[in-house]
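Colleague: Provide a 3D model corresponding to the input given below.
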Amino acid sequence: QVQLQESGPALVRPSQTLSLTCTVSGGSITAGYYYWTWVRQAPGKELEWMGAVGSSGNTYHNPSLKSRTSFSRDTSKNQFFLQLRSVTPEDTARYFCVRGTQLSASYYKSKSTGVWGQGTQVTVSS
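Modeller: Residues are numbered from 1 along each chain as shown. Below is the predicted model:
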């Protein structure tokens, strides 16, 4: 059974780059037809699809975040990564990594679809 675990800093200063890692166990990130995805949820807001790395290695971006996000992976470690540049306090959120079967943002509006990590809380503050 596949499991995902997020890791990264809990506090990031404004204007810096947030870097998060998702470590996957129980299945290879290169196998099958999956989207290894990042989703976040800011306080009082809906889940927001940020983007993904496909099993093929292709990357996909939420257009609203594309200028600030990078997605990558390390297949030797079975990990994939998020970088979010020029963070502001509005980027304070709980960040989740997800194995999904679709790219549709609506698919990630609920945790009942896909396989989710527990999430990691990130606060952007000086």
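Colleague: Enumerate every residue touching the residue most central in space within the chain.
Modeller: Nearest to the mean C-alpha position of the chain, counting by C-alpha atoms, centre = their mean, stands W38 at 1.9 Å. Residues in contact with W38 (C-beta atoms under 8 Å, 6 or more residues apart in numbering) are L20, C22, W49, M50, G51, A52, F71, L82, Y95, F96, C97, V98. Yep, even glycine has a C-beta here, placed from its N, CA and C like the rest.
Colleague: May I have the predicted confidence score for it?
Modeller: W38 is assigned 98 on the pLDDT scale.
Colleague: And it, how close does it get to Y108?
Modeller: According to C-beta to C-beta, to the nearest Å, W38 and Y108 sit 9 Å apart.
Colleague: Any chance you could list residues touching both of the two?
Modeller: Taking C-beta under 8 Å, 6+ apart as the criterion, W38 and Y108 both touch W49, V98.
Colleague: Show me which positions of stretch 103-120 end up buried.
Modeller: Y107, Y108, G114, V115, W116, G117, G119, T120 (16 or more other C-beta atoms under 10 Å).
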